[in-house]
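Student: Got a predicted structure plus its sequence, pasted below:
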Amino acid sequence: MTWRSTLSDWARRLKADALALWLAARDPRVPVPAKALALVVAAYAFSPIDLIPDFIPVLGLVDDLLIVPLGIWLAIRLIPPALFADLRARAARMAQRPVSRGGALAVAIVWLGICLAAAWFALPFIGQGA
């Protein structure tokens, strides 16, 4: 097995686990702290916007290579193993379905709203300089 196929398998498992965490965030059987972390990690993993933009050399990949996998690992540790196995199976079945364009649009609208709200709150401070 080559390093490229190993890396590809690892990325595929991360994506599947992120989808399982998305399901965990909506499952009533999951403890509340695990739900909260699962929601944040899954939303970040599937978001097209990164904490550190990818065009920044080296640091741009830190979130993809460290933050997301560590968040997934921690969230999985907070969910009972039998329950997460069920969520993984549901995620595997869902991954075979077509992608939701409506879901992508909803995420884009939420991020746009966050950016607009941040700009609205920051405007009064921008012109106040020293």
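Tutor: The structure has been received and is ready for your questions.

Student: CA-only coordinates of the helix or strand of the chain with the lowest mean pLDDT in CSV, if you can.
Tutor: Here the helix or strand of the chain ranked lowest by mean pLDDT, DSSP states H and E is helix 59-62, holding a mean of 72. Presented in CSV, the C-alpha positions along helix 59-62 are these (Å, rounded to 0.1, in the frame of the first residue of the first chain):
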residue,chain,number,x,y,z
LEU,A,59,-0.2,27.1,8.7
GLY,A,60,-3.1,26.9,6.2
LEU,A,61,-3.0,23.1,6.4
VAL,A,62,-2.8,22.9,10.2
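
Student: could you point out which element follows that helix?
Tutor: Sequence-wise, the next helix or strand downstream of helix 59-62 (DSSP states H and E) is helix 68-78.

Student: what about that next one, average pLDDT?
Tutor: Mean pLDDT, computed over helix 68-78, is 91.

Student: contacting residues around that helix?
Tutor: 14, 17-18, 21, 24, 31, 33-34, 37-38, 40-41, 44-45, 84 (Cβ atoms under 8 Å, 6 or more residues apart in numbering). All C-beta spots, glycine's among them, are computed from the backbone N, C-alpha and C.

Student: Walk me through the domains of the protein.
Tutor: If you go by automatic domain parsing, the domain ranges for the chain are 3-97, 100-130.

Student: how about the residue nearest in space to the middle of the chain, secondary structure?
Tutor: Centroid check for the chain by Cα atoms, centre = their mean gives A45 as the closest residue, at 2.3 Å. Three-state call for A45 (DSSP: H, G, I helix; E, B strand; the rest coil): helix.

Student: For the helix ranked longest in the chain, which residues meet the burial criterion?
Tutor: Under DSSP state H, the helix in the chain containing the largest number of residues is helix 101-126. Residues V107 are the ones in helix 101-126 that count as buried (16 or more other Cβ atoms under 10 Å).
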